[in-house]
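Visitor: Here is a sequence together with a model predicted from it:
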Amino acid sequence: MAANNRIQPVNMATSGFKANPFPFYAQLRAEAPVYRMTANRPADNPLWIITRYNDVAAVLKDERFVKDLKNALPAYQMPKAAWRPAFFHLLDNNMLAMDAPDHTRLRAFIHKIFTTARVEQMRLRVEQLADELLDTAAKNRRFDLIEHYALPIPLITISEVLGIPRADYAQMYRWKKGLMSAASQPLQRLGRFANFLGFANYIRALCHRRRVDPQDDLISALAQPDENGDRLSDAELQGMVILLLVAGHETAVSLISSGTLALLQNRDQFDLLRQNPALVKPATEEILRYYPPIETATDRYAREDVTIEGVTIPRGGQVRAVIAAANRDPSQFENPEAFDITRENNKHLSFGQGMHYCMGTPLARLEGHVAFNTLLARLPTLRLDVPPDSLIWRSGLTFRRLETLPVTF
Ligand code: HEM
């Protein structure tokens, strides 16, 4: 059993915790690297939290941990799931929630189409977008960097890649935002349900249109059969589009906004990058390490009893590998609490590992490189417009991202 008793239980999903989770992760790494978390959970259904670099990397690669609980437990041991309308499964019906062989098949579809060459074609467009957005934002001396820059760059980019018509962006984003917002009260749940209906119907209709009338975009390419005649079902296509849309921008919003915050908090690094734009590649990797957009990798379940660091996670146990903790493990990174844009050999785990390794890394990196270099070149006197302590981080276990980032120049 882990040495849990000295550790003060915390709810890792609260906004307050997310403001500075790093001291807690340091304590877990040192004292309970496989931590049996019961805070806000029934004692007989703990969440196993993994924090050391080597263990996080190993768990993400270990096929004894599966994504679908049905592949971990026999049917008679499956917990009773709360009832949900069938169409809600659209949200889970994607490869990030699947195991082989379904996962392998879906991943191959994307792999062939969403290539690095296709992404590189987007560079000029992303540069143009970043410039246009700053032209507008900088008309005011103070603005919210997320609303006017960090959000629209990835949202418009992935929407254009997928082939979502421009006229639909605003409505689609309202639905998606409502859908992802916290809903603890019945009325809020009703609102979320309405948003989901709007969003799901929209995606369904768009996929259908692209199936019958293909355009030069990713949805149309995914809708066509591959060279062996295999074709995504309607549900698979819709699930894929939703995954790409959500995974393809929420994370990059965080990369650009948290990255700007890290640079503003470390003015010497801001100035170093501004004077040496070629450093943007290692700088982006350091930002990903220091403030990873995905703080904890998504749920995995043990398919059999698995022992890590002397602690046995029982079959069916739910596991979270904490990327943000691994990225600051002193056994892997020299001086891990320092933000150093010239860091070498930066093997952060922010894009995951193993079979679910992020499929959007070329696009995410391209967006980061363009966003940081454009921002620093255009607004060299940029600074925070509020005290850093007043910044609000979004609640939730998986993502780490600011609500707003008020800046001035
Ligand atoms: C800075 C930006 C991004 C970060 C930090 C990031 C991070 C990650 C991580 C950590 C995972 C694995 C999660 C797990 O194993 O639990 C993942 C999976 C994935 N990401 Fe990203 N991502 C980013 C951007 C993107 C973009 C731009 C796209 C697509 C346009 C994308 C598409 C995907 C897909 C499809 C998967 C699932 C892969 C699979 O299940 O095989 N990501 N991402």
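Guide: In hand now; what should we look at? Numbering: from 1, shown residues only.

Visitor: Wait, a strand at Glu334?
Guide: No - looking at Glu334 with DSSP: H, G, I helix; E, B strand; the rest coil, it is coil, so not inside a strand.

Visitor: okay, now it: neighbour count?
Guide: 10 (other CB atoms under 10 Å). For every residue, glycine as well, the C-beta is placed using N, CA and C.

Visitor: Test my guess that Leu376 contacts Leu273.
Guide: Yes - between Leu376 and Leu273 there is a contact at 5.9 Å, judged by CB atoms under 8 Å.

Visitor: Identify the contacts common to those two.
Guide: Contact with both Leu376 and Leu273 is made by residues Leu263, according to CB atoms under 8 Å, 6 or more residues apart in numbering.

Visitor: which one of those two has more residues nearby?
Guide: The residue with more neighbours, out of Leu376 and Leu273 and counting by other CB under 10 Å, is Leu273; that gives 25 against 20.

Visitor: Could you measure from the more buried one over to the ligand?
Guide: Going from Leu273 to the ligand by CB to the nearest ligand atom, to the nearest Å gives 17 Å.

Visitor: Quick check, pLDDT for that residue.
Guide: Per-residue pLDDT puts Leu273 at 98.

Visitor: Helix or strand: which one has it?
Guide: helix 267-275 (DSSP states H and E).

Visitor: next one: Pro330
Guide: Assigned by DSSP H and E, Pro330 belongs to no helix or strand.

Visitor: Tell me, how many residues neighbour the closest residue to it other than its chain neighbours?
Guide: Excluding the flanking residues, the one nearest Pro330 by CB to CB, 6 or more residues apart in numbering is Pro336, at 5.4 Å. Using other CB under 10 Å, Pro336 has 20 other residues around it.

Visitor: now swap in the one 4 residues further on and tell me
Guide: Residues near Asp340, counting by other CB under 10 Å, number 20.

Visitor: what about the helices in the stretch 151-300 of the chain?
Guide: 152-162, 169-180, 186-212, 218-223, 234-247, 250-265, 267-275, 280-290 (DSSP state H, counting those that start in this stretch).

Visitor: What mean pLDDT does the second one get?
Guide: For helix 169-180, the mean per-residue pLDDT is 79.

Visitor: Run the chain-centre distance for stretch 91-107.
Guide: From the chain centre to the centre of stretch 91-107 is a distance of 17 Å (CA atoms, centre = their mean, to the nearest Å).
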